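**Q** Turn this into a model:
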Amino acid sequence: MTPLGAVAAAFLLLCGGGGMASSVALKRKEEKALAARVDRAVGPRAPGAEGLAAHSARQAAKVFLSRLRRLFTYRIGRDWGASAKTPTLLLLALASAGVSTAAGFFLFRLPAAILAPAGLAAFVLAPRVLIRSQQRRAEARFGELFPDTVDMIVRMIRAGLPVASAIAAVGEEAPAPVGAAFRSIAEETRLGIPLEKALSACGERVGVADFRFFLVAVGLQGATGGNLAATLEMLSEIIRKRRAIRLKAKAATAEVRISALVLGGIPFFILAALSFLSPSYLRPLIHDPRGNLLAGSALLSLLAGGVTMRSMIRRSMME
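**A** Down below sits the predicted model:
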């Protein structure tokens, strides 16, 4: 066989193996999704005697990961938009704790009494920052796509589709994260849950104000009747106007927000530069009690200034 033929045969084998692997992975994903739906409908199935050990190990791992995620999401409220899995959050937490501890020890020669709380704070805060960031992006994306989704439902209702069928169709066609919310409503109604309860549960889970307005409108139409298409069309226009006002307020306060970020980041940038250029210059702030007092006062002043600027910005956006 010529070298070109060998390369072609290897390429074909690689493509065939990749195709088989992807088909097997897709089949397993569909089986898991079907099993999850069955478990929600009739309850989880009892494992056989030969699989009790593996089942108990999987359950212990799930309990550990769920408790760890609760630690990372404590008092966050909603994390449906956070796409990062718990193992990824755990790796991020360990890496953040290790980096902060190493930086404090090698750059600033901090004692263990400070390194341990700093590492613990980095372990907890780094995943929370990632979760909050992903959640904010998901909510912003939801608000951007939702008016067009409402218009899609209005067109389906005027074409003669019932509300439940329109919601199911939107769940299949709308992009994430809007499609996922409507898909969950459609799946619950297929399992026999009333549409009103499915709408209420999804509204509590998502928590976006515009989406809850839509759910209230659909629920009232189901209870009292009325022209749902006209109501949703008016709601879509109101949502667009509300979003335009929010974007205008955000643009008006952009300069203030950038100034606040720059002013708050300058001290930390200077500290980082001095730690590399002249580490001995910062040692009195760490090893001298008077330096500790000055460093603590500076941090409290920065925190107070940041909270004040944040409250002023939020107040101006609400006005």
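**Q** helix, strand or coil for the residue nearest the centre of the chain?
**A** The residue lying closest to the centre of the chain (Cα atoms, centre = their mean) is Ala82, at 2.0 Å. For Ala82, the assignment made with DSSP: H, G, I helix; E, B strand; the rest coil gives coil.
**Q** any idea how far Thr73 is from it?
**A** 8 Å (Cβ to Cβ, to the nearest Å). Just so you know, the C-beta spots here come from the backbone N, C-alpha and C atoms, and that holds for glycine as well.
**Q** what do these two both touch?
**A** Common neighbours of Ala82 and Thr73 (criterion: Cβ atoms under 8 Å, 6 or more residues apart in numbering): Ile131.
**Q** For the stretch 51-200 of the chain, just list every one of the helices.
**A** Here the stretch 51-200 of the chain has its helices, by DSSP state H, counting those that start in this stretch, at 52-72, 86-106, 112-158, 163-173, 178-190, 195-206.
**Q** Which strands and helices lie in contact with the first one?
**A** If I follow you right, that is helix 52-72. helix 86-106, helix 112-158 (3 or more Cβ pairs under 8 Å, 6 or more residues apart in numbering; DSSP states H and E).
**Q** and the angle for the longest one with helix 195-206?
**A** Translated: helix 112-158. 150 degrees (axes from the mean of the first three to the mean of the last three Cα atoms, to 10 degrees).
**Q** go on, the first one?
**A** Counting by the same axes, to 10 degrees, helix 86-106 points 10 degrees away from the direction of helix 195-206.
**Q** Any buried residues in helix 86-106, and which?
**A** 86, 89-90, 92-93, 96-97, 100-101, 103-105 (16 or more other Cβ atoms under 10 Å).
**Q** What is the nearest of these to Gly219?
**A** Nearest to Gly219, judged by Cβ to Cβ, of the buried residues of helix 86-106 is Thr86 at 33.9 Å.
**Q** ok, now which ones touch that closest one?
**A** Here Thr86 is in contact with 65-66, 68-69, 72 (criterion: Cβ under 8 Å, 6+ apart).
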